[in-house]
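Participant: 3D, please:
(one chain, ligands or ions: 2)
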Amino acid sequence: MPDLLISGCSEILTLRGSVPRRGKDLKDLGIIRDGAILVRGDRIAAIGPRRRIERLRDARRAEKLDLGGRVVLPGFVDSHTHLVFAASRADEYEQCICGATRERVARRGGGILASVSALQKASPKDLKDRALRALREFAAHGTTTLEAKSGYGLDWKGEFKILKILHELHQEQPVDISKTFLGAHIIPREFRKRPDAWVDLLVERWIPTVGMAGLAEFCDVFCDRGAFTLAQSRRILMAGRACGLVPRIHAEQHSRTGAARLAIETQAASADHLEKIGRADVRALSASNVVCTLLPGCALHLGLRARAPARELIGEGAIVALATDYNPGTSPTMSMTMILSLACSQLRMTPAEAITAATINPAYSLRQHDRIGSLEIGKYADLAAFDVAGYREIPYYFGVNLCAVTMKRGVVIHSRSGVHETAH
Ligand code: NIG
Ligand code: FE
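Facilitator: Ligands and ions are numbered 1, 2, ... in the order given. Purely as a prediction, here's the structure:
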C-alpha cells in the first residue's frame, strides 16, 4: 500500500501530551493549524504543519487525500456500550414519558429482563446484523474504537452468544471492539429469591471460564438499587481480577451505593455514571487512577435531572471520560458528538475538555493509549474529519451529523459525498 498524504486540515487536534489527562490539561488539544498527516500502512508516519509535511520525500510520492479545510481529530473512543441486543424498548420509553417509574416498568416485565428474553429468542445472525448496522452508524459519527459489554444473555448460552458475536465483529469489520463480561447486569428471574446463588455461579464458574478462554478483557457489574449490592459487586470484581479481567463498574447511577470507592479499592479501569457521588467520593476518585466515565445520554433519554459532577471532578483532578452507553433502555444513541453536546450544555464541560474526554482518556481506560486516542507518530491513523469552521462547532451543532470522513488504520470507513479522495 503506498503512503497517503492527508492535507486540507484547517485544524488538527492532535491530543498529544500527557496521558491520562487531568484538571487543566483536559483543555490541551495540541492543535496544528493548516496541518497534514502522512500515513504509512495503518500508522501515522509524520504529522505537522502542511508546508513541512508536504516537503518530505515520501509525501511527494504518496497518494493524496484533500480534506478541503475540515477539522480533524482522533477517532472517538466510546468506552461504554451495550452493543449487542435484540430490539429497542420504545414501548417502555413511552410508558416512562407517561409517568411510569423504573420499578413499575420492571414489574410489568420491562427493563433489562425484557431485553434478556428478547436476546435469548433472537438468532445470532439477526443479533449480529443489528450490531453491524449500529457499528456503521458509530463510524459515521466519528467513532473508531468502542468497548462492548455482554449482559443481555444472563444464561451461559446467551452470554457466550454475545461474546462470540463481539469477537466475530471485531475480526470482520473495521471498528475495534474491546469486550467486557457483564454477567452481573441484573439478577435473572430464576434467581430472584436467591441472588447469592447467582453470584456464586458467576464467581465460581462463568468468570473463570471467560477469563481462562480469553473471551473478554474486562469484567463489569451493575452495582445499584435493584441490581447488585456492594458486597456482591466486590466478590464479582475480585473474581474477575483473579482471572485477569480488569474491573469496570456501573457506579452510583440511581442510588449512592459506595460503588465509586469499590472501583478504587479494586483498581478498576473505570467507574461509570457517577450521578449520585458526593464531595468525598469526588476527592477519592480524583486521587486515584480510575477513569470517571460520564454518560449524559441517560439523563437526556430518561428525562432525569441528576447530573454527574463533571466540574468538581475536573477541578479536583480526576481522569474524566465520556461515552454513549449505547443500550436499548437508557441511552439509545451511537453519536459521540451528541454526547459532546450534552457534556457541554448539561455537565458544563468546555468543548476542548469534552473532546479530550472522548479520545485520549477513554483510550487510557481501555488500556490502548499507546495505539489510539491521539494523533502522533507511530499511532494508528484513526481519525474523524468534521465539516465545521473550528472544533467548538462540533458540540455546538447538536443533533446533526457533521462528520464528513472517518478513517480507521489508514482506511476510509465512512465518507460523505463531496469529499474528494483517491483510492487507498
Ligand atoms: O448502563 N445500568 C445498567 N445498564 C444500562 C441500562 C441497560 C438497560 O436498561 O437495558 C446502563 O444504563
Ligand atoms: Fe451501561
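
Participant: which residue sits closest to Ala114, ignoring its sequence neighbours?
Facilitator: Arg89 (6.2 Å; CB to CB, 6 or more residues apart in numbering). C-beta here means a position set from N, CA and C on the backbone, and glycine is covered the same way.

Participant: tell me the contacts of that neighbour?
Facilitator: 110, 114-115, 328-329 (CB atoms under 8 Å, 6 or more residues apart in numbering).

Participant: Likewise for Leu163?
Facilitator: Here Leu163 is in contact with 150, 179, 181, 210, 215-216 (criterion: CB under 8 Å, 6+ apart).

Participant: just to revisit the earlier point, identify, from the contacts of Arg89, the entry nearest to Asn289.
Facilitator: Gly329 (29.9 Å; CB to CB).

Participant: The nearest residue to Thr350 once chain neighbours are set aside and ligand 1, how far apart?
Facilitator: Distances taken as CB to CB, 6+ apart place Lys27 nearest to Thr350, at 6.5 Å, with adjacent residues excluded. Lys27 is 28 Å from ligand 1, where distance means CB to the nearest ligand atom, to the nearest Å.

Participant: Touching, Lys27 and Ala354? I think so.
Facilitator: No - checked against CB atoms under 8 Å, the pair Lys27 and Ala354 is beyond contact range at 10.4 Å.

Participant: Keep only those of the contacts of Leu163 that are in strands.
Facilitator: Applying DSSP state E to the contacts of Leu163, the entries found in strands are 179, 181.

Participant: roughly how far apart are Leu154 and Asp224?
Facilitator: Between Leu154 and Asp224 the distance is 16 Å, computed by CB to CB, to the nearest Å.

Participant: between those two, who's got more neighbours?
Facilitator: Legend: neighbour count by other CB atoms under 10 Å for Leu154 and Asp224, higher for Leu154 (27 against 21).

Participant: Contacts only, for that one.
Facilitator: Leu154 neighbours (CB under 8 Å, 6+ apart): 116, 183, 185-186, 188.

Participant: Show me which of those residues is closest to ligand 1.
Facilitator: Here the nearest of the contacts of Leu154 to ligand 1, counting by CB to the nearest ligand atom, is His185; it sits at 6.3 Å.

Participant: Measure how buried the closest one is and give me the count.
Facilitator: Neighbours of His185 (other CB under 10 Å): 26.

Participant: residues contacting it?
Facilitator: Counting by CB under 8 Å, 6+ apart, His185 touches 112, 149, 151-152, 154, 222, 227.

Participant: Can you tell me the closest non-neighbouring residue to it?
Facilitator: In space, His185 is closest to Gly151, 3.5 Å off (CB to CB, 6+ apart).

Participant: Share the number of residues neighbouring that neighbour, please.
Facilitator: Gly151: 28 neighbours (other CB under 10 Å).

Participant: what does the stretch 151-300 of the chain put close to ligand 1?
Facilitator: Taking CB under 6 Å from any ligand atom as the contact definition, the stretch 151-300 of the chain meets ligand 1 at 222, 250, 253, 298.

Participant: Next secondary structure after the helix or strand of the chain with the lowest mean pLDDT?
Facilitator: In the chain, no helix or strand scores lower on mean pLDDT, DSSP states H and E than helix 102-107, which sits at a mean of 89. For helix 102-107, the following helix or strand on the C-terminal side (DSSP states H and E) is helix 112-121.

Participant: pull the CA atoms of that next one into CSV?
Facilitator: These are the backbone C-alpha positions of helix 112-121, laid out as CSV (Å, rounded to 0.1, in the frame of the first residue of the first chain):
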residue,chain,number,x,y,z
ILE,A,112,-33.2,-5.2,31.3
LEU,A,113,-35.1,-8.5,31.7
ALA,A,114,-37.2,-7.7,28.7
SER,A,115,-34.0,-7.3,26.6
VAL,A,116,-32.8,-10.6,28.1
SER,A,117,-35.8,-12.6,26.9
ALA,A,118,-35.6,-11.0,23.5
LEU,A,119,-32.0,-11.8,23.2
GLN,A,120,-32.4,-15.4,24.2
LYS,A,121,-35.0,-15.9,21.4
